[in-house]
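>>> Just need the structure, nothing else, for what follows:
(6 chains)
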Protein chains: 4
Amino acid sequence: MAAERADAARNREAILRATEELLALHGPERISLDAVAARAGVGKGTVFRRFGSRTGLFQSLLAERAARIRAAIDGGPPPLGPGAPPRDRLLAFLDELAGLAAKNIALIAAHEQACAADKHQDPTYRRWHDHLAGLVGQLRPEADAEFVAHLLLGSFDGELVRRMTGSGGVDRLRAAVRDLATTVAPESAR
Amino acid sequence: MAAERADAARNREAILRATEELLALHGPERISLDAVAARAGVGKGTVFRRFGSRTGLFQSLLAERAARIRAAIDGGPPPLGPGAPPRDRLLAFLDELAGLAAKNIALIAAHEQACAADKHQDPTYRRWHDHLAGLVGQLRPEADAEFVAHLLLGSFDGELVRRMTGSGGVDRLRAAVRDLATTVAPESAR
Amino acid sequence: MAAERADAARNREAILRATEELLALHGPERISLDAVAARAGVGKGTVFRRFGSRTGLFQSLLAERAARIRAAIDGGPPPLGPGAPPRDRLLAFLDELAGLAAKNIALIAAHEQACAADKHQDPTYRRWHDHLAGLVGQLRPEADAEFVAHLLLGSFDGELVRRMTGSGGVDRLRAAVRDLATTVAPESAR
Amino acid sequence: MAAERADAARNREAILRATEELLALHGPERISLDAVAARAGVGKGTVFRRFGSRTGLFQSLLAERAARIRAAIDGGPPPLGPGAPPRDRLLAFLDELAGLAAKNIALIAAHEQACAADKHQDPTYRRWHDHLAGLVGQLRPEADAEFVAHLLLGSFDGELVRRMTGSGGVDRLRAAVRDLATTVAPESAR
DNA sequence: TCTTAAGCGAGACGGTACGTCACGTCTTGAA
DNA sequence: TTCAAGACGTGACGTACCGTCTCGCTTAAGA
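Residues are numbered from 1 along each chain as shown, chains lettered A, B, ... in the order given. Next up, the predicted model:
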């Protein structure tokens, strides 16, 4: 795999930035890829070459936003990173996701509508899910960890996040998620 | 309000049946309303006259499928209906939903993609949510009942249900939901 | 065949007018159907619904421009219409075409590039060709009338017309065509 | 001007041969330069470096096919070459073109669609046209030789040639062209 | 039973956004 | 350092499908 060409990288960046700006301006709805291309100053074909489809574009953008969390989980310091007890990691991770979701409501919403049925195929979602399932498996071996992990991630559904932060701010979301995690993994566990 | 004309009722029925058949045949993806209209043997305008939009069509279909549950909740015998302790009602309700979801995966998926951001506006969803939130509020007054109710309903996300029933059958889903409910509302509660 | 809907007719007209205007403004090259749609104030889908393709659009426009000639040939007064001797009809027809071509260079050029290999399928071209072939067949029964008719229509090739009228005006084209016709059908014939 | 490098010449040849083969295989339509490059076993950039554009490629191929005629006209033996009376040269030249066209229908068609509006700029076409115009000018000084020459070349339009040879074989085309030439330049002339 | 108008059915229509295609360019690596 | 390979940028094209609109017909209520 050769390195990405310089112009390709530049355009990739421009497209992602344009998408962000449009999300900020118009909300998640009806952001046409034509508009993205126009704002990025590239042709529409370029958008499709780079990202394959509407789905791919939003997946890439989400992956970018989530890169920091990903790094922290894989090799960062505890409690997010490896080394801390599972319960602490779980709480820290969900708290981190809550913060991310609250700051990226529009992106999350757009991502959801674009990815639709492929939600479970999205690399970022899978990573989060696998991480969660691993922790839940440790904390509650008798539970259906895969199922519980999906449900926990349901906390960051776009519409739900909008409602929660709309009345109560990010703190309401954080508290609710924390309470949920505490229920799933009571202090007695580990 | 005059009674629905005989032909109108007949067409309404034909459209719902055609939608079901297409869902069964092709899965939830890409069922165009043109196809629905064609299979129902009616014009496309009729579909929109009856159901308003793609969203409305799937909402109506879901409402139809959920009618039995609705009746049971509102006035049926315990434990689903009024009268039983909240914890029993919760478990019974979620179990009922699991059965419904497992039998209507394609419809659920189509409903999700059609309703997208309006999910929380759907009458059936709202009814389920309000019912759940009420029960959760009784069982765990300190929790964010609204939030928890949404999370619980996340169990019946189309893609998730497909995965669960795909490996483990409806029993896996039922067990997981039951376990979840038990966690949220431990026997000690009430 | 039901009558064309009122709005459809209005849009059809708007699209044709927009095409004309763009042809007049930018010449025959690179008139995108997006631009046509935008100028006509309709969606692109409408253009394609009405005219099927780029080819169909220009064919329709040409047919419109040629309608007068068509009517004159089919039922107008001599020498263009029926009744006059073939030689007179031939001369009159070619003269008429020369005038039409000179006034519609941009359209002709666009039509050519759009229709490309389908040139012989175009209804207007076919009508002209058949008319010419009929006359030639009468005037010179020994000749390959079909072939000659195509050749004569070659006089109105966009690029050629541009060159002829560019240096010599429409009169040069008219004279050359007349001379050609005289050669093909000398006065002695009929 | 340095001699063409050996590999460059080899590539040039490979590209022309690949183009011919694709023309023979798929007809004139939709031969993409990507396909040409792939079949020639070279990169697409090489095609463009050698021939400049799609237009240039087909022009070069046509020029190659027409090289024999070109040599015969410029310095070959009569009646094609210099020395014969204009009328004989005209007839011989058109007959030669008819043979060439009949054998290269696909190329001619591809050439036309590629060159489109630039038809008159093509070196081969210009050479033919100038040659014809010269002869016509001698035979019929009173005629618009430039115009007539273009018209005569219209005999070798791809679609027309296809039709003529399709029903009647190359002989029909030859006869029609000969008859045409006889009309333009009757025996009495010169 | 016949008339009539209100509602309904059918599908043509308008529009938006998507993804494709193939041309011509340009960067990168190899000779 | 020059040239080949092919990844890249581009934007027009045609398509799919949603929701609207019009027109002709059916139904049901009144005479």
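>>> Report whether the helix or strand bottoming out on mean pLDDT in chain A contacts chain B.
Sorting the helices and strands of chain A by mean pLDDT, DSSP states H and E puts helix A:105-115 at the bottom, at a mean of 89. Yes. Using CB under 8 Å from any CB of the partner chain, helix A:105-115 reaches chain B at A:109, A:112-113. C-beta: built from backbone N, CA, C; applies to glycine.
>>> how much does that helix deviate in direction from helix B:105-115?
Using axes from the mean of the first three to the mean of the last three CA atoms, to 10 degrees, the direction of helix A:105-115 lies 130 degrees away from that of helix B:105-115.
>>> what mean pLDDT would you report for the helix or strand hosting A:Leu160?
A:Leu160 is part of helix A:158-166 when elements are defined by DSSP states H and E. If you average the pLDDT over helix A:158-166, you get 93.
>>> Pull the residues that contact that helix.
Helix A:158-166 is contacted by residues A:28, A:101-102, A:105, A:108-109, A:111-112, A:154-155, A:172-173, A:176, B:117, B:119-120, B:146-147, B:150 when judged by CB atoms under 8 Å, 6 or more residues apart in numbering or on different chains.
>>> So which elements touch the next helix or strand after that helix?
Once the chain leaves helix A:158-166, the next helix or strand it forms, by DSSP H and E, is helix A:169-184. Applying 3 or more CB pairs under 8 Å, 6 or more residues apart in numbering or on different chains; DSSP states H and E, we find helix A:169-184 packed against helix A:86-103, helix A:145-153, helix A:158-166, helix B:145-153, helix B:169-184.
>>> Take these and lay them out in TSV including distance to C:Arg127.
TSV is the format used below for the helices and strands packed on helix A:169-184 (distance: least, CB to CB, whole Å):
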stretch	distance to C:Arg127
helix A:86-103	67
helix A:145-153	67
helix A:158-166	60
helix B:145-153	67
helix B:169-184	69
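>>> For the ones you listed, please prepare TSV with the additional fields distance to D:Arg54 and mean neighbour count.
Rendered in TSV, the data for the helices and strands packed on helix A:169-184 read as follows (distance: least, CB to CB, whole Å; neighbours: other CB atoms under 10 Å in any protein chain shown):
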stretch	distance to D:Arg54	mean neighbour count
helix A:86-103	50	20
helix A:145-153	52	22
helix A:158-166	47	19
helix B:145-153	58	22
helix B:169-184	59	18
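>>> out of those, which comes closest to DNA strand E?
helix A:158-166 (17.1 Å; CB to the nearest atom of the strand).
>>> now that closest one: how far from the chain's centre is it?
Counting by CA atoms, centre = their mean, to the nearest Å, helix A:158-166 is centred 15 Å from the centre of its parent chain.
>>> between it and helix A:86-103, what angle do the directions make?
Using the same axes, to 10 degrees: helix A:158-166 against helix A:86-103 is 90 degrees.
>>> what angle sits between helix A:158-166 and helix B:145-153?
170 degrees.
>>> where's the closest residue to chain D within chain A relative to DNA strand E, distance?
Chain D sits closest to A:Arg5 of chain A, with a gap of 14.3 Å, by CB to the nearest CB. Distance of A:Arg5 to DNA strand E, computed by CB to the nearest atom of the strand, to the nearest Å: 5 Å.
>>> Local confidence estimate at that residue?
81.
>>> do A:Gly76 as well
91.
>>> what do you get for A:Arg127?
96.
>>> how about it, what does it touch?
Residues in contact with A:Arg127 (CB under 8 Å, 6+ apart) are A:66, A:70.
>>> change it to 6 Å
Shown in contact with A:Arg127 (CB atoms under 6 Å, 6 or more residues apart in numbering or on different chains): no residues.
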